[in-house]
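[1] quick one: sequence and predicted model below, then my questions.
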Amino acid sequence: MLDEQFAPQALRTYREMHWIELIWKMLLSNKGILPILWALYPGHELLLEAHSASLKQAPAPGWIRKPMHSREGANITLVRPDGSLTRIDGPYTDRMCVDQRLGQTTHFGNDAGGRRWPVLGLWMVDQECCDMGIREDAGPITGNLSSFVPHCFR
(Lines give C-alpha, C1' and ligand atoms only; values in the text may rest on other atoms or scores of the structure.)
Protein backbone atom coordinates (compact mmCIF):
# COMPACT_ATOMS: atom_id res chain seq x y z
CA MET A 1 0.00 0.00 0.00
CA LEU A 2 2.86 2.36 0.72
CA ASP A 3 4.01 2.03 -2.91
CA GLU A 4 0.71 3.43 -4.17
CA GLN A 5 0.41 7.01 -5.41
CA PHE A 6 -1.89 7.97 -2.51
CA ALA A 7 0.51 6.70 0.18
CA PRO A 8 2.00 10.06 1.30
CA GLN A 9 -1.46 11.58 1.80
CA ALA A 10 -2.72 8.45 3.57
CA LEU A 11 0.20 8.57 5.99
CA ARG A 12 -0.37 12.27 6.71
CA THR A 13 -4.02 11.68 7.57
CA TYR A 14 -3.97 8.19 9.05
CA ARG A 15 -5.17 9.34 12.48
CA GLU A 16 -8.42 10.54 10.88
CA MET A 17 -8.96 7.33 8.90
CA HIS A 18 -10.47 3.99 9.86
CA TRP A 19 -8.00 1.30 8.83
CA ILE A 20 -9.03 -2.31 8.37
CA GLU A 21 -5.53 -3.32 9.44
CA LEU A 22 -3.61 -1.04 11.74
CA ILE A 23 -0.65 0.73 10.17
CA TRP A 24 1.77 -0.55 12.86
CA LYS A 25 1.24 -4.09 11.53
CA MET A 26 3.60 -3.16 8.69
CA LEU A 27 6.42 -3.70 11.18
CA LEU A 28 5.27 -7.18 12.08
CA SER A 29 4.29 -8.26 8.58
CA ASN A 30 7.49 -7.39 6.74
CA LYS A 31 10.29 -9.91 6.60
CA GLY A 32 12.84 -7.33 7.77
CA ILE A 33 11.95 -8.28 11.32
CA LEU A 34 13.35 -11.82 10.81
CA PRO A 35 17.08 -10.90 10.91
CA ILE A 36 16.40 -8.60 13.88
CA LEU A 37 14.73 -11.40 15.83
CA TRP A 38 17.61 -13.75 14.95
CA ALA A 39 20.16 -11.16 16.13
CA LEU A 40 18.27 -10.71 19.40
CA TYR A 41 17.70 -14.43 20.00
CA PRO A 42 20.32 -16.41 18.04
CA GLY A 43 19.69 -20.13 18.09
CA HIS A 44 16.18 -19.82 19.57
CA GLU A 45 14.20 -23.01 18.93
CA LEU A 46 11.22 -21.11 17.49
CA LEU A 47 13.27 -19.10 14.97
CA LEU A 48 15.00 -19.90 11.72
CA GLU A 49 18.33 -18.20 11.09
CA ALA A 50 17.80 -15.09 8.92
CA HIS A 51 20.02 -12.33 7.49
CA SER A 52 19.65 -9.36 5.17
CA ALA A 53 20.52 -10.43 1.64
CA SER A 54 22.37 -8.96 -1.28
CA LEU A 55 20.60 -9.26 -4.61
CA LYS A 56 23.99 -9.65 -6.30
CA GLN A 57 24.42 -13.29 -5.38
CA ALA A 58 21.99 -16.19 -5.19
CA PRO A 59 20.94 -17.67 -1.86
CA ALA A 60 23.07 -20.54 -0.60
CA PRO A 61 21.81 -24.14 -0.70
CA GLY A 62 19.42 -24.76 2.19
CA TRP A 63 18.15 -21.15 2.21
CA ILE A 64 15.14 -19.25 0.92
CA ARG A 65 15.19 -15.61 -0.27
CA LYS A 66 12.17 -13.41 0.41
CA PRO A 67 11.66 -9.76 -0.53
CA MET A 68 11.00 -7.77 2.65
CA HIS A 69 7.60 -6.49 1.57
CA SER A 70 6.36 -9.23 -0.72
CA ARG A 71 3.08 -11.04 -0.37
CA GLU A 72 1.52 -14.34 -1.35
CA GLY A 73 4.75 -16.13 -2.28
CA ALA A 74 5.77 -13.59 -4.94
CA ASN A 75 9.47 -13.32 -5.87
CA ILE A 76 10.51 -16.18 -3.60
CA THR A 77 13.65 -18.19 -4.41
CA LEU A 78 14.03 -21.50 -2.57
CA VAL A 79 17.35 -23.35 -2.87
CA ARG A 80 17.22 -26.88 -1.49
CA PRO A 81 20.26 -28.39 0.23
CA ASP A 82 21.06 -30.31 -2.97
CA GLY A 83 21.23 -27.01 -4.92
CA SER A 84 17.99 -27.46 -6.87
CA LEU A 85 15.79 -24.39 -6.81
CA THR A 86 12.20 -23.26 -7.05
CA ARG A 87 11.50 -19.66 -8.00
CA ILE A 88 8.20 -17.78 -8.10
CA ASP A 89 8.14 -14.58 -10.16
CA GLY A 90 6.25 -11.47 -9.16
CA PRO A 91 6.26 -7.69 -8.97
CA TYR A 92 8.72 -7.26 -6.08
CA THR A 93 11.97 -7.28 -8.07
CA ASP A 94 13.50 -4.09 -6.64
CA ARG A 95 13.09 -4.84 -2.95
CA MET A 96 15.56 -5.45 -0.19
CA CYS A 97 15.55 -9.14 0.66
CA VAL A 98 16.01 -11.51 3.56
CA ASP A 99 17.62 -14.93 3.36
CA GLN A 100 16.18 -17.42 5.83
CA ARG A 101 17.45 -20.93 6.51
CA LEU A 102 15.01 -23.58 5.31
CA GLY A 103 13.04 -25.31 7.99
CA GLN A 104 11.86 -28.88 7.81
CA THR A 105 9.03 -29.23 5.31
CA THR A 106 6.24 -31.76 5.11
CA HIS A 107 4.21 -32.81 2.12
CA PHE A 108 1.32 -35.20 1.74
CA GLY A 109 0.14 -37.29 -1.18
CA ASN A 110 -3.30 -36.69 -2.66
CA ASP A 111 -5.79 -38.92 -4.48
CA ALA A 112 -4.44 -37.83 -7.89
CA GLY A 113 -0.94 -39.04 -6.99
CA GLY A 114 0.48 -35.53 -6.51
CA ARG A 115 1.92 -33.80 -3.47
CA ARG A 116 0.52 -31.00 -1.30
CA TRP A 117 2.71 -28.79 0.95
CA PRO A 118 0.82 -27.24 3.90
CA VAL A 119 1.69 -24.04 5.76
CA LEU A 120 0.02 -23.27 9.09
CA GLY A 121 -0.74 -19.70 10.10
CA LEU A 122 -1.69 -19.08 13.71
CA TRP A 123 -3.53 -16.06 15.12
CA MET A 124 -2.50 -15.32 18.69
CA VAL A 125 -4.39 -13.17 21.20
CA ASP A 126 -2.96 -12.66 24.69
CA GLN A 127 -0.50 -15.55 24.22
CA GLU A 128 -3.26 -17.99 23.23
CA CYS A 129 -3.96 -19.39 19.80
CA CYS A 130 -7.52 -18.51 18.80
CA ASP A 131 -7.51 -19.17 15.03
CA MET A 132 -5.52 -21.14 12.52
CA GLY A 133 -5.40 -21.09 8.75
CA ILE A 134 -4.04 -23.92 6.64
CA ARG A 135 -2.75 -22.89 3.21
CA GLU A 136 -1.42 -25.57 0.90
CA ASP A 137 -0.22 -25.89 -2.66
CA ALA A 138 1.16 -28.40 -5.15
CA GLY A 139 4.64 -26.90 -4.62
CA PRO A 140 6.66 -25.86 -1.57
CA ILE A 141 5.84 -22.13 -2.01
CA THR A 142 2.26 -21.10 -1.31
CA GLY A 143 0.71 -18.20 -3.19
CA ASN A 144 -2.52 -16.26 -3.57
CA LEU A 145 -4.19 -19.10 -5.48
CA SER A 146 -3.27 -21.78 -2.92
CA SER A 147 -6.00 -23.71 -1.14
CA PHE A 148 -6.94 -22.14 2.19
CA VAL A 149 -9.03 -23.47 5.08
CA PRO A 150 -9.67 -21.28 8.15
CA HIS A 151 -10.29 -22.77 11.60
CA CYS A 152 -11.69 -20.98 14.64
CA PHE A 153 -11.04 -22.21 18.19
CA ARG A 154 -13.59 -21.52 20.93
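    Sure thing, it's come through.

[2] residues touching Pro91, list them.
    By C-beta atoms under 8 Å, 6 or more residues apart in numbering, the contact list for Pro91 reads Ala74, Asn75. Where you see a C-beta, it was placed from the backbone N, CA and C, and this is true even at glycine.

[3] assign a three-state SS to it, would you?
    For Pro91, the assignment made with DSSP: H, G, I helix; E, B strand; the rest coil gives coil.

[4] tell me the pLDDT at it?
    In this model, Pro91 is scored at 88, pLDDT.

[5] same check on Ser84?
    Looking at Ser84, its pLDDT is 94.

[6] for this protein, which helix is longest?
    In the chain, assigned by DSSP state H, the helix with the most residues is helix 33-40.

[7] how about that one: buried residues?
    Neighbour counts over helix 33-40 (16 or more other C-beta atoms under 10 Å) mark Leu34, Pro35, Trp38 as buried.

[8] ok, which stretches of the chain are helices?
    7-12, 25-29, 33-40.

[9] which stretch in those helices has the least confidence?
    By mean pLDDT, the lowest-scoring of those turns out to be helix 25-29, with a mean of 71.

[10] re earlier: any residues touching the longest helix of the chain, and which ones?
    Residues lying outside helix 33-40 but in contact with it, judged by C-beta under 8 Å, 6+ apart, are Leu27, His44, Leu47, Leu48, Glu49, Ala50, His51, Ser52, Val98, Gln100.
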